[in-house]
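1. Whatever this is, show me its structure:
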Amino acid sequence: MKKLIRNIILIVLTTLLASGILWARHKAATQLCNNVDVQIVNADSTHYVTPQGVLNELHKLGINLEGKRMNEINASHIEEALGNSAYLEDVDCVKSQNGNIIIRARQLVPVLRVFDGNESYYVNKAGKRMTANSSYHADVPVVQGHFTKAYPATRLLPMVQYVENDTLLRSLVSMYCVRDTNNIIIVPNIDGHVVNMGNTQGVANKFAKLKLFYSEVMPNKGWLTYDTISVKWDHQVVATRRVKAVEVKMEYNPEDDEQMPDAETMTVGDDEAKANKATSKKQDKTQANADKQTQAKPSNDKNKKQEQTNDKKKKEQN
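-> Now for the predicted structure:
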């Protein structure tokens with residue numbers, strides 16, 4: 001009797017399970033998507049992708065979910081399609097039993113901004129690019145240069161991360177200019193020079209040499225003495241002297257306006273003006289002597305004529 005009852009219960013449970021499965025399959029076949037819930041999982045760190053923006057992207061891709069049968073919706077296809085967007089790093093899509101589609105999207109987190117000719121774009125740590133536009137700005141290190149698949153912008157990340165982790169260096173570095181793989185130039189916030197770092201190898205040692213040069217040499221030699229400081233070679237710092245003269249700014253003195261230059265100094269160079277002045281003075285002196293001699297001659301002739309007149313009078317009296 002007990003065995004019979006046990007068999008009956010087993011048959012009933014099996015029948016219910018089978019019915020449940022059939023019902024679930026039927027419901028799944030007829031269940032429609034009635035809601036799409038989009039969640040931006042890293043909206044706190046940065047905010048330029050919105051849930052509505054993700055839905056708009058789905059419509060652009062021709063993926064319309066609401067009102068569609070749940071068993072016809074491919075979650076993996078949605079993840080792949082949205083994952084190709086330049087604004088998203090990764091996407092997770094889940095179908096629930098109540099006709100909801102949950103999409104969890106992570107927006108791209110820039111680590112660099114690259115200027116390549118007329119093109120400008122952001123790069124995340126994986127090297128994914130996002131075109132820069134006026135609607136979004138990220139305060140990240142700036143790099144100028146041309147990058148390829150063989151030499152992506154992410155090759156600079158070890159150097160950039162080292163700088164970002166050092167308070168002094170972070171305030172020093174303005175931007176990075178990549179001429180080629182062995183000439184990475186740092187443009188500091190200090191005017192007058194740039195720093196050639198070479199490549200991204202041994203950045204700790206290179207920055208240590210640069211700090212020592214700044215503290216020991218530059219205060220004595222002057223901050224405008226060199227135009228390039230190179231730390232690319234081991235155990236040495238090579239500084240190139242400035243070729244062009246450094247512009248010296250002088251304070252304005254109102255009294256200078258009262259000292260009017262003569263005509264010669266306004267039309268010729270200083271050396272030529274001095275020579276002309278010396279020649280002019282010599283000519284003036286020579287002319288003055290000649291004038292004196294000329295003035296002396298009439299006086300002598302007059303005296304001589306006076307003496308001749310006196311002698312004539314004496315003879316007539318005798």
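2. how many neighbours does the closest residue in space to N34 that isn't next to it in sequence have?
-> In this structure, N34 finds its nearest non-sequential neighbour in G99, 4.3 Å apart by Cβ to Cβ, 6 or more residues apart in numbering. All C-beta spots, glycine's among them, are computed from the backbone N, C-alpha and C. Applying other Cβ atoms under 10 Å, we find 15 other residues in the vicinity of G99.
3. Quick check: pLDDT value at G99.
-> Per-residue pLDDT puts G99 at 89.
4. Give me the number of neighbouring residues for G83.
-> 14.
5. Now for it: which residues touch it?
-> The contact partners of G83, taken as Cβ atoms under 8 Å, 6 or more residues apart in numbering, are D90, V91.
6. hmm, try it at 10 Å
-> For G83, the contact set (Cβ atoms under 10 Å, 6 or more residues apart in numbering) comprises E89, D90, V91, D92, A105, R106.
7. Work out for me the element the last one sits within.
-> Put plainly, it is R106. Under the criterion DSSP states H and E, the helix or strand holding R106 is strand 100-107.
8. What segments of the stretch 1-150 of the chain are helices?
-> In order along the chain, the stretch 1-150 of the chain carries the following helices (DSSP state H, counting those that start in this stretch): 2-30, 51-60, 75-83.
9. Next: the stretch 151-300 of the chain.
-> Under the criterion DSSP H, counting those that start in this stretch, the stretch 151-300 of the chain contains helices at 157-164, 167-172, 203-216, 218-221, 263-267, 270-317.
10. Show me what counts as buried in the third one.
-> Buried residues in helix 203-216, counting neighbours by 16 or more other Cβ atoms under 10 Å, are found at V203, K206, F207, K209, L210, F213, Y214.
11. number of nearby residues for the residue nearest to the third one when sequence neighbours are not counted?
-> Nearest residue to F207 in three dimensions, chain neighbours excluded: L169, at 6.2 Å (Cβ to Cβ, 6+ apart). The criterion is other Cβ under 10 Å. On that basis, L169 has 18 neighbouring residues.
12. likewise A75?
-> Around A75 there are 15 other residues, counting by other Cβ under 10 Å.
13. Is it in contact with L82, as I believe?
-> No: assessed by Cβ atoms under 10 Å, A75 is found out of contact with L82, at 11.0 Å.
14. re earlier: go through the buried residues of helix 203-216 and name the one nearest T50.
-> Top of the list for closeness to T50, among the buried residues of helix 203-216 and by Cβ to Cβ, is V203 at 38.2 Å.
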